[in-house]
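# okay, predicted coordinates and the sequence, questions at the end:
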Amino acid sequence: MPDWLPEHFWQAALVVFAGGYIRGFTGFGANMVMTPLYSLFIDPAQAVAAAWFQDTIAGVPLVPGAFKQTRWKSILWIAVGAVVTFPLGIYVLVIADKDVMRRVIAGTLVLGAMLLLSGWRFRGEHTTPRDLACGMASGLIGGSTSLGGLPFVLYYFAQNTAAAVTRASAFSLSVMLGLFGIAAFIVIGVLDLPLAWLVVSVIPANFVGVWLGVQTFKRVPDAGYRRFGLAFILAIGVSVLIWG
């Protein structure tokens, strides 16, 4: 491998390709794929920071196309709630045992995916207090595991909402929270130059994955879109629990 390539380049390229594919296909879930896989070969705190950084970079070009379909009133309140609790999540991530956090990340992923695959549906209306509560849960879980999308998908994705609306709202929210997360991880020193170079060096693999995911989404009906995305994410979580 050339000297200028960072350590773990090929592992990271495979991780971000898989994350990008799910991102392009479902509109969310890249962190759910990348974080547990990253944590197999780098520190869990760095895995969380790398996933936020990579997912945000990949998501920015997709936001303009999602802008009109995003439920902005609801999404902005969710973002406000997330910003409040995100620092607490980071604190938990930094002080916790590395092996414990690796298992927590994978376990959280498995439980969330199983709940969604079980057919559970959120029955209530989207109100401002509920949006805030969803955001606060997303911020806490997102800061500690990068899996802040789980409360969001339980709130949005599990409903009988049109796939395009859910997907667009997920794109917009994840980029907003990603920008905040990147800044936070830089401030506390987890996202340093070597880690940033690793993430930047595998951007092409991520973009290829996103493009393939978008093409797949165009060819899959709503029901198949939900089942495939969740089954893929569940498989990742179980694999990391077993072999992590």
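Sure thing, it's come through. Small disclaimer: the values here were computed from a predicted structure and weren't measured.
# verify the stated contact: Ala170 with Phe152.
Yes. Assessed by C-beta atoms under 8 Å, Ala170 is found in contact with Phe152 at 6.7 Å. For glycine as for every other residue, the C-beta is placed from the backbone atoms N, C-alpha and C.
# state the phi and psi torsions of Ser146.
When quoted as degrees, to the nearest 10, the phi and psi of Ser146 stand at phi 70, psi 10.
# what's the local residue count around it?
30 (other C-beta atoms under 10 Å).
# surely it meets Ala45?
No. If you go by C-beta under 8 Å, Ser146 and Ala45 don't touch, sitting 10.1 Å apart.
# the most centrally placed residue in the chain: what secondary structure?
Residue closest to the average C-alpha location in the chain (C-alpha atoms, centre = their mean): Asn31, at 2.8 Å. Here Asn31 takes the helix state, with states given by DSSP: H, G, I helix; E, B strand; the rest coil.
# what pLDDT does it get?
Model confidence at Asn31, given as pLDDT, is 84.
# low-confidence stretches in this structure?
By pLDDT under 70, the weakly predicted segments of the chain are 1-2, 4, 27-28, 121, 157-161, 221-226, 244.
# tell me where it has helices.
Per DSSP state H, the chain carries helices over the ranges 9-26, 30-38, 44-59, 63-66, 72-95, 98-117, 128-145, 149-152, 163-187, 193-201, 203-217, 222-243.
# need these in TSV (columns: distance to Asp3).
Listed next are those as TSV, based on distance: least, C-beta to C-beta, whole Å:
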stretch	distance to Asp3
helix 9-26	11
helix 30-38	23
helix 44-59	21
helix 63-66	36
helix 72-95	31
helix 98-117	28
helix 128-145	34
helix 149-152	37
helix 163-187	26
helix 193-201	13
helix 203-217	19
helix 222-243	30
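# show the contacting residues for the residue nearest to the centre of the chain.
Contacts for Asn31 (C-beta atoms under 8 Å, 6 or more residues apart in numbering) come out as Gly19, Ala51, Trp52, Asp55, Gly142, Ser146, Leu147, Gly148, Gly149, Ser174.
# correct me if wrong: the third one contacts Gly178.
Translated: Trp52. Yes. Checked against C-beta under 8 Å, the pair Trp52 and Gly178 is within contact range at 5.3 Å.
# may I see the buried residues of stretch 103-113?
Of all the residues in stretch 103-113, those buried under the rule 16 or more other C-beta atoms under 10 Å are Arg103, Val104, Ile105, Ala106, Gly107, Thr108, Leu109, Val110, Gly112, Ala113.
# ok, now stretch 34-45?
Buried-residue list, stretch 34-45, by 16+ other C-beta under 10 Å: Met34, Thr35, Pro36, Leu37, Tyr38, Ser39, Leu40, Ile42, Asp43, Pro44, Ala45.
# which one of those sits closest to Arg219?
For those, the closest approach to Arg219 (C-beta to C-beta) belongs to Met34, at 24.0 Å.
# and the gap between the closest one and Val199?
10 Å (C-beta to C-beta, to the nearest Å).
# name the residues contacting each of the two.
Val16, Ala50, Gln54.
# which among the residues you listed gets closest to Val190?
Ala50 (9.3 Å).
# wait, isn't the closest one in contact with Ile42?
Yes. Under the criterion of C-beta under 8 Å, Ala50 makes contact with Ile42 at 7.0 Å.
# quick check: closest non-adjacent residue to Gly135.
Gly81 (2.4 Å; C-beta to C-beta, 6 or more residues apart in numbering).
# out of the helices of the chain, which one sits most buried?
Across the helices of the chain, averaging neighbours per residue (mean count of other C-beta atoms under 10 Å) puts helix 30-38 on top, at a mean of 30.
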